[in-house]
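A.B. asks: I would like to see how this sequence folds:
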Amino acid sequence: MAKIKVIGIRYSWRTLFSIAIVFILYNVYTVLIKVVLKNKIACPNDNNLIHWSLTSQSDYVISTDDTLKKMGFKYVHFELTNEHIDVLHKHVPSAPPNDFRRLLERARAFGDGLRQLEALHIMKLCEFVGFTKIPHLPISSSFSDTDRFITTLVNLEKNLFPFLSRYYRSALHLKYSFSGRGIVLAVGNHHAQMAYASIRLLRSMNCNLPIEIFYNGEEDLNSKNRKQLEQLLSVESRNIQELIDDTFVKVTGWAIKPFAILFSRFAEVIFMDADVVFLQDPSSLFNHVGYQRARALFYYDRTVGEPNRETVAWLSSLFQKPWNKRLSHANRILANLSHDNQESGVIVLDKLARFSGLLVTCKLNSINERNSITYKFFYGDKETFWLGQEMVDDDYAFDPHLSGAIGIAAHNLNPKEKLATICGTQIVHFDTERKILWFNQFVLLDKYKSSTTLAHFEHYVQEPGIYSQKSDHIFCLHVTGQVFQLTANEKKLIATVISYWNEAKSLMKH
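C.D. replies: Residues are numbered from 1 along each chain as shown. Down below sits the predicted model:
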C-alpha cells in the first residue's frame with residue numbers, strides 16, 4: 001500500500017484517515033460542549049445581568065440558568081487588587097470563640113470572597129464558550145494576584161470552617177455537589193418511631209420528595225431502626241460522623257440539625273424535626289412567597305415572655321444601628337415582643353443561594369461557639385438559623401402568620417364567653433387560609449414526661465393572645481379571637497399518624 005510522507009514520516013492512507021477522523025470528532029465534541037455550556041450558563045452582555053456559577057476541572061458541576069438566578073448573583077464590577085487581597089488576608093487569623101463581632105466580619109469577608117471566586121471562574125468559562133468580550137467587567141489582576149487571592153480565601157475557609165475538611169476538598173466542592181429538592185430529618189433512637197409515623201403520613205398525602213435521615217453514629221440510631229426507616233419510599237440514612245471532622249464540632253443533640261441540612265445532597269431543603277406532623281403536603285413550601293423572595297423561610301416561635309436583657313444587649317452590639325428591616329421590623333427579640341424569635345422545627349432553605357449563611361449557622365453550633373455564646377443566650381439551635389444569614393448579610397423571610405395552640409378549648413362554648421383557652425405542648429403553624437399546616441411535639445400530651453400518653457385534639461386557636469405556663473412544657477394560650485374546630489380530614493390525618501406510630505412501636509426499638 002502506498003504511503004504518504006508527512007513531516008519526514010511516512011504514513012499509510014488508513015493511518016491518515018484515522019487521524020483525520022479523530023481530529024474531526026475532537027472538534028465536533030468541543031463544539032458540542034461549548035453549545036451545551038452556552039445553554040447552561042448566563043454569560044454577560046450589554047443587555048442582561050450576569051448570573052455566576054463555578055466550574056473547575058472535574059470538581060464542580062455547572063448550574064442551570066434558573067438555579068443561578070435563584071442564587072442572587074448580579075452583574076458587578078470585579079477586579080482583583082492587592083488592596084482587596086490584603087483586606088481578605090487580615091481576616092484569616094482565628095479569633096476567640098466568644099468574639100462574634102470579629103466572626104461576623106470574617107464571615108462577611110469569606111462570603112464576598114466566595115462570590116468573587118465564582119465570578120472569576122464564570123468569566124473564564126464564558127471566554128471558553130465564545131463570549132470573548134466581557135463588557136464593563138475588567139480583569140486586570142495577574143496570575144500571581146489570582147493565585148494569592150485563592151490561597152488567602154482557602155486559608156480563611158480552613159480557619160472558619162475546619163469541619164469541612166474530612167470529606168470535601170473545599171466549601172465549593174461541597175456546594176456544587178447539591179442538586180434537586182428533598183426533605184431532611186435528624187433522627188435518633190428516641191424519636192425514630194415518631195419519624196417513621198410522620199414520613200408514612202407524608203407519603204399518604206402524596207408527598208413524594210426524597211428524604212434523607214441524618215444520625216450521629218451507631219449509638220444515636222441503631223441499624224434495626226435505620227433499616228425500618230430506609231424501607232419507606234425514597235428514604236436514605238446518612239451518618240454525619242462520616243462527613244464532618246467532629247474534632248471541631250462535637251455534635252450532640254440540637255447541634256446536628258444545621259449540619260444535616262448542609263451535608264444533605266439536596267440543593268433545596270425542607271428540614272423537619274422528627275416530632276413534626278404535617279397536615280398538608282410540605283412541598284407547597286417551595287412556592288411560599290417568602291421563600292420565593294428570600295430563598296430562606298423560617299417560622300416564629302410562641303410569643304411568650306420578655307427578651308433576656310443580656311441577649312438584647314449582645315445582639316445590639318453584634319448588629320450595630322441603624323438596623324436593616326429584617327432586624328428592625330421582623331425580629332421579635334429586638335422589638336421586645338417575645339423571649340424567643342424562631343422555632344426551628346421546620347426550615348426551608350435554598351442552599352445554593354444561602355450557602356455562606358448556612359456555613360456560619362454550622363459554626364454557631366460547633367462546640368466552642370455554642371458553649372461560649374450561642375447556647376448561653378438562646379435556647380439551643382433555633383435562633384442560629386436567622387443569625388447565620390444575618391451575620392453574612394444575606395436575606396431571609398419569616399412566615400408572617402403567628403403560631404397557635406391545638407387541643408381542647410375551655411371556656412369558649414358559651415357564645416357570651418369572650419375568652420378561650422387551649423393548653424398543650426404543641427406549637428401550630430398555619431397556611432394563608434388559617435388552616436393547620438404543621439405542628440411540633442408529635443401527638444403526645446407531653447413527650448418529655450411520657451412517650452405513650454396521647455393528646456386530644458378538637459380545637460385550635462391562633463395568636464395574638466396571652467400565654468401562661470401550666471407546667472415545664474405545657475403552655476396555655478388565652479385568646480379573645482375565633483376558636484376553630486378541626487375538620488374531619490384533619491382528624492383523620494391525626495388518627496392516621498397515630499396508627500403509623502403504633503405500627504412503628506411494633507417494628508422499632510425506642
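A.B. asks: can you give me the strands in the stretch 201-350 of the chain?
C.D. replies: 211-215, 235-239, 268-272, 277-278, 296-300, 342-350 (DSSP state E, counting those that start in this stretch).
A.B. asks: Off-centre distance for the fourth one?
C.D. replies: Remark: strand 277-278 is offset 19 Å from the chain centroid, using C-alpha atoms, centre = their mean, to the nearest Å.
A.B. asks: What average pLDDT does it get?
C.D. replies: Confidence for strand 277-278, expressed as mean pLDDT, is 98.
A.B. asks: list the helices and strands it packs on?
C.D. replies: Secondary-structure packing of strand 277-278 (3 or more C-beta pairs under 8 Å, 6 or more residues apart in numbering; DSSP states H and E): helix 192-204, strand 436-439. C-betas here are computed from N, CA, C, even on glycine.
A.B. asks: again, but for the third one
C.D. replies: Taking 3+ C-beta pairs under 8 Å, 6+ apart as contact, the helices and strands that strand 268-272 lies on are strand 181-186, helix 256-263, strand 342-350.
A.B. asks: Alpha carbons of it, as PDB, please.
C.D. replies: C-alpha atoms of strand 268-272 as PDB (Å, rounded to 0.1, in the frame of the first residue of the first chain):
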ATOM      1  CA  GLU A 268     -33.300  23.000  48.200                       C
ATOM      2  CA  VAL A 269     -34.200  21.600  51.500                       C
ATOM      3  CA  ILE A 270     -37.200  21.300  53.800                       C
ATOM      4  CA  PHE A 271     -35.800  20.400  57.200                       C
ATOM      5  CA  MET A 272     -38.300  19.000  59.700                       C
END
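A.B. asks: Can you give the strand pairings for it, parallel or anti for each?
C.D. replies: strand 181-186 (parallel), strand 342-350 (antiparallel) (DSSP bridges).
A.B. asks: how about JSON lines for the ones you listed, with mean pLDDT added?
C.D. replies: Below are the strands paired with strand 268-272 laid out as JSON lines (pLDDT from 0 to 100):
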{"stretch": "strand 181-186", "mean pLDDT": "98"}
{"stretch": "strand 342-350", "mean pLDDT": "97"}
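A.B. asks: of all those strands, which lies closest to D145?
C.D. replies: strand 342-350 (32.0 Å; C-beta to C-beta).
A.B. asks: what does the helix or strand following the closest one rub up against?
C.D. replies: The helix or strand immediately downstream of strand 342-350 is helix 355-364, counting by DSSP states H and E. By C-beta atoms under 8 Å, 6 or more residues apart in numbering, the residues outside helix 355-364 that reach it are 103, 107, 110-111, 114, 160-161, 163, 171, 175, 249, 258-259, 261-262, 296, 349, 351, 369-370, 373-374, 384-385, 387-392, 394, 396.
A.B. asks: returning to that earlier point: format the helices and strands packed on strand 268-272 as TSV; extra columns: distance to H288 and mean neighbour count.
C.D. replies: Below are those laid out as TSV (distance: least, C-beta to C-beta, whole Å; neighbours: other C-beta atoms under 10 Å):
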stretch	distance to H288	mean neighbour count
strand 181-186	13	23
helix 256-263	17	24
strand 342-350	7	24
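A.B. asks: Can you lay out the ones you listed as TSV showing distance to N324?
C.D. replies: TSV is the format used below for the helices and strands packed on strand 268-272 (distance: least, C-beta to C-beta, whole Å):
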stretch	distance to N324
strand 181-186	29
helix 256-263	22
strand 342-350	17
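A.B. asks: Show me the one of these that comes nearest Q228.
C.D. replies: Closest among those, using C-beta to C-beta: strand 181-186, at 14.0 Å.
A.B. asks: okay, the closest one in PDB with CA atoms only?
C.D. replies: Provided in PDB are the C-alpha atoms of strand 181-186 (Å, rounded to 0.1, in the frame of the first residue of the first chain):
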ATOM      1  CA  ARG A 181     -35.200  19.100  46.200                       C
ATOM      2  CA  GLY A 182     -35.800  17.000  49.300                       C
ATOM      3  CA  ILE A 183     -36.700  16.600  52.900                       C
ATOM      4  CA  VAL A 184     -34.100  16.300  55.700                       C
ATOM      5  CA  LEU A 185     -34.500  15.000  59.200                       C
ATOM      6  CA  ALA A 186     -32.100  14.400  62.100                       C
END
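A.B. asks: Now tabulate the strands of the stretch 201-350 of the chain in CSV and tack on distance to L507.
C.D. replies: Rendered in CSV, the data for the strands of the stretch 201-350 of the chain read as follows (distance: least, C-beta to C-beta, whole Å):
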stretch, distance to L507
strand 211-215, 15
strand 235-239, 14
strand 268-272, 21
strand 277-278, 19
strand 296-300, 31
strand 342-350, 25
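A.B. asks: So which of the ones you listed is nearest V87?
C.D. replies: Judging the strands of the stretch 201-350 of the chain by C-beta to C-beta, what sits closest to V87 is strand 296-300, at 27.1 Å.
A.B. asks: What helices and strands are in contact with that closest one?
C.D. replies: strand 342-350, helix 384-391, strand 397-398.
A.B. asks: For that strand, report the contacting residues that lie outside it.
C.D. replies: Under C-beta under 8 Å, 6+ apart, the answer for strand 296-300 is 285, 288, 290-291, 332, 341-350, 353-354, 357, 385-386, 389, 394-399, 402-403, 429.
A.B. asks: again with stretch 261-270
C.D. replies: Contacts of stretch 261-270 (C-beta under 8 Å, 6+ apart): 67, 174, 177-184, 209-210, 212, 214, 238, 240, 243-244, 271, 282-283, 285-286, 346-352, 358-359, 362.
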